[in-house]
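Peer 1: Provide a 3D model corresponding to the input given below.
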Amino acid sequence: IPDNFSATEIKSLLSQQGYTRVQERDEGLLEVVQDRLRLDPERRDRLLEALETALDKGRGRVTVYPLNDRREPLEPLRFSADLHCPDCDIHYKDPLPNHFSFNSPLGACDHCRGFGRVMGVDWDLVIPDPSKSLGGGAVRPFQGGRSRECQEDLLRFAARRGIPTDRPWRELEETTRRWVIEGEGEWNGHQWYGVRRFFEFLESKSYKMHIRVLLSKYRAYNPCPACDGARLKESALDFRLGSREDAERVLEAERRFRPKAVRMTRAAWLALPGLNIHDLMRLPLERLRALIESVEPPGGSGQAGALLLDEIRSRLRYLCDVGLGYLSLDRQSRTLSGGEVQRINLTTALGTSLVNTLFVLDEPSIGLHPGDLARIIAVLHRLRDSGNSLLVVEHDPQVMLAADRILDIGPGPGERGGQITFFGTPQQLLRDPASLTAEYLSGRRRAALVIERDAPDAQTDWLRLHGASAHNLREVDMNLPLNRLVCVTGVSGSGKSTLVQDV
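Peer 2: Numbering: from 1, shown residues only. Predicted coordinates:
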């Protein structure tokens, strides 16, 4: 019943349309009988027409009342045409890709805007020394400037409540510490307002420069209280992927993310099938790949669902093939090492399925452990075998020997170079007697190591290494007594390096 109509007016309008059986329900709803019929094959068309009309007039809701032998209605059967629970009247929006992306306003948490964290107060900075008492300055921001008035208010109201102001903070009861932080009520001069309201007051004055400077001293990024770090709206976390067996195989039940809006019991929650999208984001890629491999396309998705799963599986397989199976999808890019970024970039190129493309890579082995180079070489070969060309600037022997062709530019470094001294296969380069690169690549020549040693003092020995590198430094016999601090300064390549080694 619309707000600008009464029930009588609506019933009159329905009567004009031929609806005479109308029952009034609570919450301003009217239940209108669309049709009454016996279920048999001859009346199938009439049944379908009645259901379609009822769903249209009822905005996607319809209730079916079975009748007993005495033509009395039994327990109703409720149905809906969209994502709606007819029993508890919960409606879910039709899912769109943007609903599952924290980079989109449709999917991002309204409170933290998709960041997963909000700027708040770091209470460890507010009370940095728990050995201090309230009277001794435990609340740090109250100890200087105009904020000293708040310290006086704290001591005055603490005395009224009989709270000891000479006892260390760590020895105070939890209820007392909560009283100091949360206070008793608003800032009215008759009750303690709390440290939190003090910072809320500062926030209202943050347009002043000195207030912003003061707030910056006690800032912290805390998990979002609305989404608990999931970065998505609650509606996106209602969708789950996989079966219960799939979920139990990759993630323990106790570690699954439970949104704050969930009201079901713990047993019912643990019995749910699959994992939500935040669980998938937190899974190591190896476990996520195992889950996706076992998932079947949902019914009705057809070829589109199978194609989507194949693409996801291939991307996860590439990431695991280059040794990144320990990462998770919610890992922030700024926390990745240089080698991890290089490998992710390679798998991105591999996942594009491009052909007849030239890839130019500048030392992809930088930052990688020697054991990971074989994985990188396999990725490079896969790109090549897909019909692409790769131009790799590289100095690592393992990558050089895996190339199809080597272009050697020299004969010396910097201004002494610039000439093509060799172009051919690695095997041809190793047999070239005139190539300086071949001498080092084959191991026939090694970098010279000259040690100059100063007169040692009582605590430290100083060594200067010329031509030293990380590979031959460990082979140096320093001839020093044990438990001495050795400061090693040398030249590695074209840049100076300093190593400290405890022998």
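
Peer 1: In the chain, which residue sits furthest out from the middle?
Peer 2: Here the chain reaches farthest from its C-alpha mean at Arg70, the gap being 60.5 Å by C-alpha atoms, centre = their mean.

Peer 1: what helices or strands is the helix or strand where Leu202 lies leaning on?
Peer 2: Per DSSP states H and E, Leu202 falls inside helix 194-204. Contacts defined by 3 or more C-beta pairs under 8 Å, 6 or more residues apart in numbering; DSSP states H and E place helix 194-204 against helix 174-182, helix 209-216. C-betas here are computed from N, CA, C, even on glycine.

Peer 1: out of these, deepest packed?
Peer 2: helix 174-182 (a mean of 15; mean count of other C-beta atoms under 10 Å).

Peer 1: residues making contact with it?
Peer 2: 123, 134, 139, 154, 158, 161, 163, 169, 172, 192, 194-196 (C-beta atoms under 8 Å, 6 or more residues apart in numbering).

Peer 1: Can you tell me which of the residues you listed is nearest Gln428?
Peer 2: The closest of the contacts of helix 174-182 to Gln428 turns out to be Trp123 (C-beta to C-beta; 67.8 Å).

Peer 1: which regions of the stretch 351-500 of the chain lie under the pLDDT threshold?
Peer 2: The stretch 351-500 of the chain contains residues with pLDDT under 70 at 367, 447-500.

Peer 1: Please disregard the earlier target; I meant the chain.
Peer 2: Using pLDDT under 70, the flagged stretches of the chain are 26, 300, 367, 447-503.

Peer 1: The residue nearest to the spatial centre of it and Val22, how far apart?
Peer 2: Centrality entry for the chain: nearest residue to the mean C-alpha point is Asp330, 2.1 Å, by C-alpha atoms, centre = their mean. Using C-beta to C-beta, to the nearest Å, Asp330 is found at 53 Å from Val22.

Peer 1: and what of Gly194?
Peer 2: Distance, Gly194 to Val22, using C-beta to C-beta: 56 Å.

Peer 1: Which one of these two is surrounded by more residues?
Peer 2: When neighbours are counted by other C-beta atoms under 10 Å, Gly194 and Val22 differ, and Gly194 comes out ahead with 21 against 14.

Peer 1: Now do the contacts for the more buried one.
Peer 2: The contact partners of Gly194, taken as C-beta under 8 Å, 6+ apart, are Trp179, Val180, Ile181, Glu182, Gly183, Glu184.

Peer 1: excluding its backbone neighbours, what's nearest it?
Peer 2: Gly183 (2.3 Å; C-beta to C-beta, 6 or more residues apart in numbering).

Peer 1: Check the burial of the one you found by counting its neighbours.
Peer 2: The number of residues packed around Gly183, counting by other C-beta under 10 Å, is 19.

Peer 1: ok, it - contacts?
Peer 2: Per C-beta under 8 Å, 6+ apart, neighbours of Gly183: Gln191, Trp192, Tyr193, Gly194, Val195, Arg196, Arg197.

Peer 1: Buried ones in stretch 363-374, by neighbour count?
Peer 2: By 16 or more other C-beta atoms under 10 Å, the buried positions in stretch 363-374 come out as Pro364, Ser365, Leu368, Asp372, Leu373.

Peer 1: how close does Tyr207 get to Met264?
Peer 2: Remark: distance between Tyr207 and Met264 (C-beta to C-beta) = 45 Å.

Peer 1: re earlier: from the contacts of Gly194, which is closest to Ala434?
Peer 2: Distances from Ala434 to the contacts of Gly194, taken by C-beta to C-beta, are shortest for Ile181, at 77.2 Å.

Peer 1: who are the neighbours in contact with the closest residue to the closest one other than its chain neighbours?
Peer 2: Sequence neighbours aside, Val195 is the residue nearest to Ile181 in space, at 5.2 Å (criterion: C-beta to C-beta, 6+ apart). The contact partners of Val195, by C-beta under 8 Å, 6+ apart, come to Val126, Val139, Pro141, Val180, Ile181, Gly183.

Peer 1: and what of Cys227?
Peer 2: Contacts of Cys227 by C-beta under 8 Å, 6+ apart are Cys109, His111, Cys112, Gly116, Lys233, Glu234, Pro259.

Peer 1: what's the closest non-adjacent residue to the second one?
Peer 2: Put plainly, it is His111. Nearest to His111 is Ala226, by C-beta to C-beta, 6+ apart, at 3.7 Å.
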